[in-house]
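K.L.:
Generate a structure from the sequence data that follows.
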Amino acid sequence: MKFILIFGPQAVGKMTVGHELEKITELKLFHNHMTIEFVTPFFSYGSEVGKRLVNLFRQEIFEEVSKSNLYGLIFTYVWAFDQQADWDYVDKICNIFESKGGSVHFVELEADIEERIDRNKSPHRLEHKPTKRNIKWSENELKTSLEKHRLNSKDGEITKENYIKINNTNLSAEDVAKMIKEKFQL
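P.N.:
Residues are numbered from 1 along each chain as shown. Below you'll find the predicted structure:
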C-alpha cells in the first residue's frame, strides 16, 4: 500500500496533479475537498461540527483503504507548518498506513502567488470545489492565509526519505505527475 500526501498552499495544483497521477498509476485520488464539499451543504467547514465530520469521514476512509487491497491512495492537504496540530495530523494519517506496512511518500508543491491566483479561477478547480466558486472570497482566503500561516516548508524541515518538493509555477500537472511517478517508482 502506498500513501501519497500531496501538500502545499491553496490553488498550487494539488488536486489537478493528483488527477494526473491517478491517470498514470493505479493510485486512487482522495482530494481534501471531497469531504469538505460533502459536509458543507449541512454544516460549514469552519464550524466545530463541520470540521469534526470532515475529519471523521477522512479517518474512516484512511482506515479502510489502509486495510484494503488497493495499490494506494493520493491525499491532498493544506499543511500549516506553523501549527503543531497540522504536524500531528500528518503524523496521525501517515501512521495509519505505516502501521499496516504501507509506505508514505511526501510531495510538496509550491508556486508563485500570481500563478496560484490564476489557478484559483480554473474551470477544473471550480468544477470539483463548489465552495471555491465565490472567486472574490476564495482569492481573499488564499491571500490572507499567507499572512496567517506558513504553507510551504523551510529547506531541510521535512526529513522523510520519500520526499520531493516541486516548484510547479511553470510546469503542467501532467509533467509534475510524471516526475512524482518516476521519483517514487509508482
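
K.L.:
Follow the chain on from the longest strand along the chain and name the next helix or strand.
P.N.:
Longest strand of the chain, by residue count under DSSP state E: strand 103-110. Next helix or strand after strand 103-110 toward the C-terminus (DSSP states H and E): helix 113-119.

K.L.:
Next SSE downstream of that following helix?
P.N.:
Counting by DSSP H and E, the next helix or strand C-terminal to helix 113-119 is helix 123-128.

K.L.:
Centre of the chain to the helix ranked longest in the chain, how far?
P.N.:
Here the longest helix in the chain is taken by residue count, with DSSP state H as the criterion, and it is helix 48-66. Between the mean C-alpha point of helix 48-66 and the mean C-alpha point of its chain there is a distance of 15 Å (Cα atoms, centre = their mean, to the nearest Å).

K.L.:
Run the angle between the helix or strand following that helix and helix 48-66 for me.
P.N.:
Along the chain past helix 48-66, the next helix or strand (assigned with DSSP H and E) turns out to be strand 72-77. Here strand 72-77 runs at an angle of 160 degrees relative to helix 48-66 (axes from the mean of the first three to the mean of the last three Cα atoms, to 10 degrees).

K.L.:
what helices or strands is the longest strand of the chain leaning on?
P.N.:
Contacting strand 103-110 under the criterion 3 or more Cβ pairs under 8 Å, 6 or more residues apart in numbering; DSSP states H and E are the following elements: strand 2-7, helix 14-24, helix 84-98, strand 163-167, helix 173-184. The way it works is simple: take the backbone N, C-alpha and C, and place the C-beta from them, glycine included.

K.L.:
7 Å instead?
P.N.:
In terms of contact count using 3 or more Cβ pairs under 7 Å, 6 or more residues apart in numbering; DSSP states H and E, strand 103-110 is assigned the packing partners strand 2-7, helix 84-98, strand 163-167.
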